[in-house]
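S.K.: what's the 3D shape of this:
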Amino acid sequence: MRVLLKASLNTEKTNEIIRSGKMPQLMQEALDNIKPEAAYFTVDGGVRTAFLFFDMQDSSQMPALGEPFFLDMDAKIELTPVMNGDDLQKGLSQLR
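M.R.: Numbering: from 1, shown residues only. From the prediction side, this is the model:
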C-alpha cells in the first residue's frame, strides 16, 4: 500500500544534529531504509518537515520506519494511506 510518512522534526533536537554535522547522514540512513518513491522537505506548522511517499508491504514495518525519526530527531510521525492517479482511477472504476 502506498503511504505518506509525514515527519515533523523537533527544532531543538534537529538544531543540535545540524550543528554536529550528522543531519545529512541520519537523513540518508532514513531514506535508504524507507526507499521512498518521492521525498519532499519543507516547513510545515513552523517546523522542519519531511514528506516521504513509499510502498508499505505490511504494518509490521511501522516501527522500523518511524523509530529513526523518533529516536534521532524527536519527530512527530503521521502515516497516511495515499493514492496516485492510477490508484484513483482503479478505485473509481470499482464504483460502478
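S.K.: List the buried residues of the strand or helix carrying residue 71.
M.R.: Element membership of residue 71 [criterion: DSSP states H and E] is helix 62-73. Under the neighbour-count criterion of 16 or more other Cβ atoms under 10 Å, helix 62-73 has 65-66, 68-69, 72-73 buried. All C-beta spots, glycine's among them, are computed from the backbone N, C-alpha and C.
S.K.: what's the spacing between residue 82 and residue 23?
M.R.: 26 Å (Cβ to Cβ, to the nearest Å).
S.K.: Share the number of residues neighbouring the nearest residue to residue 41 once chain neighbours are set aside, please.
M.R.: Sequence neighbours aside, residue 50 is the residue nearest to residue 41 in space, at 5.3 Å (criterion: Cβ to Cβ, 6 or more residues apart in numbering). Residue 50: 23 surrounding residues under other Cβ atoms under 10 Å.
S.K.: for the one 5 residues further on, same thing?
M.R.: In terms of burial, residue 55 registers 12 neighbours under the definition other Cβ under 10 Å.
S.K.: That one against residue 2, yeah?
M.R.: Yes. Taking Cβ atoms under 8 Å as the definition, residue 55 is a contact partner of residue 2 at 5.8 Å.
S.K.: which residues do these two both contact?
M.R.: The overlap between the contact sets of residue 55 and residue 2 (Cβ atoms under 8 Å, 6 or more residues apart in numbering) consists of residue 37.
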